[in-house]
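Student: Predicted model follows, preceded by the sequence.
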2 protein chains.
Amino acid sequence: MITTLKDIAEKTGFSISTVSRVLHDKSNKSKISEETQLKIKQTAKDLGYRINTLARGLRLQKTHEIGVIVPDISNPFFSAMIKNIATELRKHGYNFIVYDSDENIVIERSAITSLLGKRVDGLIIASVGQDFSHLQKIRNSEIPFVMIDRCFDAFDVDSVSVDNVKGSLLAVNYLIKEGHSRIAFIQGLPGTYANETRLQGYKSALLDAGISIDERLIVGDDFRSLNGYLETKLLLKLSNPPTAIFTAGDLIVLGALEACRENNITIPRDLSLVTFDDPIFASYLSPALSAVEQPVTKMAEMAVALLYRRMKNPNDERRKVLLEPKLNIRSSVTRISMLMNIKHIIKTENTTE
Amino acid sequence: MITTLKDIAEKTGFSISTVSRVLHDKSNKSKISEETQLKIKQTAKDLGYRINTLARGLRLQKTHEIGVIVPDISNPFFSAMIKNIATELRKHGYNFIVYDSDENIVIERSAITSLLGKRVDGLIIASVGQDFSHLQKIRNSEIPFVMIDRCFDAFDVDSVSVDNVKGSLLAVNYLIKEGHSRIAFIQGLPGTYANETRLQGYKSALLDAGISIDERLIVGDDFRSLNGYLETKLLLKLSNPPTAIFTAGDLIVLGALEACRENNITIPRDLSLVTFDDPIFASYLSPALSAVEQPVTKMAEMAVALLYRRMKNPNDERRKVLLEPKLNIRSSVTRISMLMNIKHIIKTENTTE
DNA sequence: ATATTACATGCAATCGTTTGCATAAAAATG
DNA sequence: CATTTTTATGCAAACGATTGCATGTAATAT
């Protein structure tokens, strides 16, 4: 059986209180004799005692756990984020529990229920939701709660994300500067914060440059690679295909690359490519992928800092932190002239049929 | 405050037992009148009741949680594994808690302590350890426990991994068949199961082909990308550099690629490359990377199946499952003749200086 | 010698659930 | 109408830890 304080108490002849104080109470308030301490510690070791954190959490109404929910652990962006959050939390002496909502609001809901059931001391969520009704309850309860990456402007809650609008502006302005005007956007899940803000940046970059928006070039519906693959295939089949594609996420761009390869499209010669997110492998592709980098370490640090602050001062006003994105220019974009543009179109039509 | 059964009991006038039975007891043994049920359920909803799983776990001595420990969440191989484990566990009605040991045995130890403290019902571990002394205790305790990916031949415990020896054989035999004889191996953390078995496969492939082993071509010391980068740089500086490199993991190969790019080494023309693990981006690189694929979904399924079986029949004999690896041949390996080999060496020496 | 303080330890309530057993009332049976 | 059975609900003891308060003894001060 699993050893408890009681077992140790019986074996040593001391009371449970004394054993508890020796083994766990760092406050040093009650003076226990050296001899007793030694004896108790030794039997604890002999019996392989391990504290039951369920019991402790129940008694203390504190678990020292933070719940984290992300849409997709296997997405490099989120797995990097998790690692950074873990490192930050460890500094503060907190453990954490991750849930993967699998880009599914139903799973996200049940993850929240489950975490609240575990009485975590705080919550960090990158929500997949297109609205925040299910989060309202959390915020109204006492539990400290911060949103990361995916947040809602209209929802007054601590949150940290990258300036998505600016990120898209950087990417699309760069493409425009290189002579592109038919620029497609393969988006992620419509209605999500990350997607809508990125889309907004895309649109205003075009409008600012006096380029009218072609709705046929705004395609896609989730953040997975299959979406990138399918939409790229379709874009290439257009009678007037884009000369550049801007993708809303790192998995999407992988799909796009696969489609290009299948269609013998060489990047950047036949098609330029820029993506949001800058996964570890972006610079190892050839051509190396130009990408909008999110300051993921800083995001994690800020999220934990906000959470920590909220735990200490529950009534501070809520803050929304926007971090600066950065465009990493590599070699997946080519400069085009009008002439090249036309040649490109002809070539593309030939190869895709 | 957080609502408890007691609050609902007081509000409705029924006892805590009745409330508990209405809200949680599916067994239907005690007949509670429809009217009572409705009233209780309604107030539970009104008060925003959520079960406290700490209390339940304490009482039931069961948490319905499985602890999972991996060396590096941000490694695509492990994040894929986690996702698959999650999916499998959900089917069985289990939750899970992941820990990232950060390739660090000290953190692994504390993760184990923490999970056992949470009284998880089972444990799935991909250990970073070079020995299994710290795992012996777990096995000897009652908790069901399976090792995945990284196991120990001499440790009698349920485990599932890919046949690493065979995987290396596949890769190295393929390189040999393509005419390579100076094949380097950039390894991961020495002493770990995954590394030693992969190394063993590498060596026996060479020996079987009558190629003597050059210890200067066996380099590296962990599974991270920096290791791949540094060792590749050094290998390229050798007076007699390898014509092919076989890397022990997907992060290592990324580092190798970076080093090659910096030295203007074109793959596969100047250097052939094969890696263990087949990350999602392998086929998107150009050239697409030839890689040894691990059946990660099957591994996850097997691990959960073994765990589940152990939970039901604690005294079954322990099993070690070895799954088949698969070599995915893409375009990162070139066929070489002796003549090309010499040209290659000369060229490499020029470029690296 | 007595009063006071310090020291070392124990008592018992509490955290929120679950559940075997008890019980009272209602219904069914003879 | 008396007895048995069924129905609907409550009591109270766990589960394992924490901790304010109490207590008995030893050391020190007066």
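Tutor: It's in.

Student: Which pLDDT value does the model give the residue nearest to residue A:302 when sequence neighbours are not counted?
Tutor: Among residues not flanking residue A:302 along the chain, residue A:160 sits closest, at 4.4 Å (C-beta to C-beta, 6 or more residues apart in numbering or on different chains). (Glycine included, C-beta is placed from N, CA and C.) According to the prediction, residue A:160 has pLDDT 97.

Student: Could you pull up the residues touching residue A:160?
Tutor: By C-beta atoms under 8 Å, 6 or more residues apart in numbering or on different chains, residue A:160 lies in contact with A:146-149, A:151, A:299, A:302-303, A:306, A:320-323.

Student: Show only the entries of those found in helices.
Tutor: A:299, A:302-303, A:306 (DSSP state H).

Student: Top of those by number of neighbours, please.
Tutor: Ranked by neighbour count (other C-beta atoms under 10 Å in any protein chain shown), the ones in helices among the contacts of residue A:160 have residue A:303 at the top, with 29 neighbours.

Student: Wasn't the residue nearest to residue A:302 part of a strand?
Tutor: Yes: looking at residue A:160 with DSSP: H, G, I helix; E, B strand; the rest coil, it is inside a strand.

Student: Show me what it bridges to in the sheet.
Tutor: Under DSSP bridges, the beta-bridge partners of residue A:160 are residue A:148, residue A:321.

Student: That one and residue A:301, how far apart?
Tutor: 9 Å (C-beta to C-beta, to the nearest Å).

Student: Residue A:124: which element?
Tutor: Using DSSP states H and E, residue A:124 maps to strand A:122-125.

Student: What pairs with that strand, parallel or antiparallel?
Tutor: Sheet pairing here is set by DSSP bridges, and for strand A:122-125 it gives strand A:65-70 (parallel), strand A:145-148 (parallel).

Student: Out of these, flag the one nearest DNA strand D.
Tutor: Checking these against DNA strand D by C-beta to the nearest atom of the strand gives strand A:65-70 as the closest, at 14.8 Å.

Student: Now do the helix or strand just after that closest one against helix B:76-91, angle only.
Tutor: Following strand A:65-70 in sequence order, the next helix or strand is helix A:76-91 (DSSP H and E). Put simply, helix A:76-91 runs at 80 degrees to helix B:76-91, going by axes from the mean of the first three to the mean of the last three C-alpha atoms, to 10 degrees.

Student: pLDDT score for the closest residue to DNA strand D within the stretch 251-353 of chain A?
Tutor: Closest contact between the stretch 251-353 of chain A and DNA strand D, by C-beta to the nearest atom of the strand, is at residue A:311 (17.1 Å). At residue A:311, the model reports a pLDDT of 92.

Student: ok, it - how many residues close by?
Tutor: By other C-beta under 10 Å, 15 other residues sit near residue A:311.

Student: Now it. Nearest residue, chain neighbours left out?
Tutor: Leaving aside its chain neighbours, residue A:311 sits nearest to residue A:144 (4.7 Å; criterion: C-beta to C-beta, 6+ apart).

Student: pretty sure that neighbour contacts residue A:123?
Tutor: Yes: with contacts counted by C-beta atoms under 8 Å, residue A:144 reaches residue A:123, the gap being 7.2 Å.
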